[in-house]
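# Sequence and predicted structure, then a few things I'm wondering about:
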Amino acid sequence: MTVLEHEAPAAAQPAWRGRFPCNEIISLLDVNRPFNLAESTSQDLTVGDVLDMAGLETLRGLKLGYGRSAGSVELREEIAKACGVPAEQIVTTQGTALGLFLLAFEVCRPGDEAVLVTPCFPPSRDCLRGAGVTVREVGLRFENGYRLDLDAIAASLSPKTRLVSLASPQNPSGVRTPRAAIEQLLALLQSQAPQAILFIDETYREAGYGDEAIPESLAALHPRIVTGASVSKALGAPGLRTGWLTVPDADLRARLVVARMNTVISGSVLDEALATALLRHREPVLAPRRRLLAEGLAALAAWCEAERERIEWIRPDGGALCCLRLRADRFDDAAVSRFWDLLPRHELQLASGAWFGESERVFRLGFGYLPPDRLAPALSALSTVLDAAAK
């Protein structure tokens, strides 16, 4: 059941009048079924986990006044270490989505354009529209493994382009964009959109698998690049609502700090103190989570192989998420509808591809949120739904 269905029957719903588009991904904030394969994060940390890192006595003396205009000095120093840039280039935000909204709101003016690589996390699209930006979407294809299409991006660029936005690894697919492709994209911007900023969402960058090497942040690659990330996904603390932007240009950075002041005043000093402690301990936190992600990915890969006659999938490069697709030769449009209708009856949740700019035949599956002893039963239940939907 979606949020809108809680409010009124479909026939009685008035036309949506909000400044931001309404996307049904909002339902994930309110519904959490036992077999939740819709979440894109790893398992959540507890307050106790982070308190142990911070030290309760240290927090007792924390004054609950306003925070610093760009975020606490200690927090920005820890972020800078992770991103490989000076701390002065960091502006903290209430999550990455707010950072992108402030960036679009400040960089773009009426008549300006943004190029957005899709499929993408819905707020990445909708915050641009909410900021009044003209959005040109470049849709990547399942058939091509959601690899960056530089020709399509080039065709969408113009002197009006002020912002190009993509994620690496992507949400919903978990596919990374190689550094070489980013360098080619920068060359395109130089020639076709010389005033454009390249925003790269690196929220899932450190969510790797086992002992695989983690790519360095792209924050220091070029002055045109602004990156965003948070403690939400790889570190499992979305409830702290702490994210950041890396902003090399001092003028843009100052404008973003003023924009932050005029929207949220400052960050929560408690959230920032806990996030600082978490980042100081990020390697001991990330190591076991990466092992769990590797185990989850292996279990999913085995399930996908067993179900290869009914589903297709794109193996992710990072993150606790990936994209699967119901095979057209086994599921017609009516069967796809049955598939989605049957999920709640089996206590299952998935994220519809339609939320991200894909078709309903595609879905995002999260393999890191459920404990290992719950993932296998969830995948078994999903097979049961496939059985029933295909009839």
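Good, I have the coordinates.

# CA atoms for contacts and neighbours, from now on please.
OK.

# And the strands in the chain?
All strands of the chain, identified by DSSP state E, fall at 35-36, 90-93, 113-118, 134-139, 161-167, 197-201, 225-230, 243-246, 311-314, 321-326, 348-349, 351-352, 362-366.

# Counting by contacts, list what the longest helix along the chain packs against.
Scanning the chain for the helix with the most residues, using DSSP state H, yields helix 282-306. Applying 3 or more C-alpha pairs under 8 Å, 6 or more residues apart in numbering; DSSP states H and E, one finds that helix 282-306 contacts strand 311-314, helix 372-389.

# picking up where we left off before, now render the strands of the chain as CSV, adding distance to Gly99.
Formatted as CSV, the strands of the chain follow (distance: least, C-alpha to C-alpha, whole Å):
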stretch, distance to Gly99
strand 35-36, 28
strand 90-93, 6
strand 113-118, 15
strand 134-139, 17
strand 161-167, 12
strand 197-201, 10
strand 225-230, 7
strand 243-246, 6
strand 311-314, 29
strand 321-326, 22
strand 348-349, 28
strand 351-352, 24
strand 362-366, 24
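
# Pipe those into TSV and attach distance to Ala181, mean neighbour count and mean pLDDT per row.
Below are the strands of the chain laid out as TSV (distance: least, C-alpha to C-alpha, whole Å; neighbours: other C-alpha atoms under 10 Å; pLDDT from 0 to 100):
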stretch	distance to Ala181	mean neighbour count	mean pLDDT
strand 35-36	34	22	97
strand 90-93	25	28	98
strand 113-118	13	25	98
strand 134-139	15	19	96
strand 161-167	12	25	98
strand 197-201	13	24	98
strand 225-230	14	26	98
strand 243-246	20	28	98
strand 311-314	19	20	98
strand 321-326	21	24	98
strand 348-349	34	22	98
strand 351-352	28	23	98
strand 362-366	24	25	98
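
# low-scoring stretches of the stretch 201-350 of the chain, by residue?
By pLDDT under 70, the stretch 201-350 of the chain has no low-scoring segment.

# Need the helices and strands packed on helix 282-306 in JSON lines (columns: distance to Arg345).
Listed next are the helices and strands packed on helix 282-306 as JSON lines, based on distance: least, C-alpha to C-alpha, whole Å:
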{"stretch": "strand 311-314", "distance to Arg345": "21"}
{"stretch": "helix 372-389", "distance to Arg345": "9"}
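
# highest average neighbour count across these?
strand 311-314 (a mean of 20; mean count of other C-alpha atoms under 10 Å).

# my read: Gln192 touches Pro159, true?
Yes - shown here, Gln192 and Pro159 form a contact pair, counting by C-alpha atoms under 8 Å, at 6.4 Å.

# contacting residues around stretch 190-201?
The contact list for stretch 190-201 (C-alpha atoms under 8 Å, 6 or more residues apart in numbering) reads 96, 100, 154, 157-169, 186, 189, 224-229.

# Need the distance between the two termini of it.
One end of stretch 190-201 to the other measures 20 Å (C-alpha to C-alpha, to the nearest Å).
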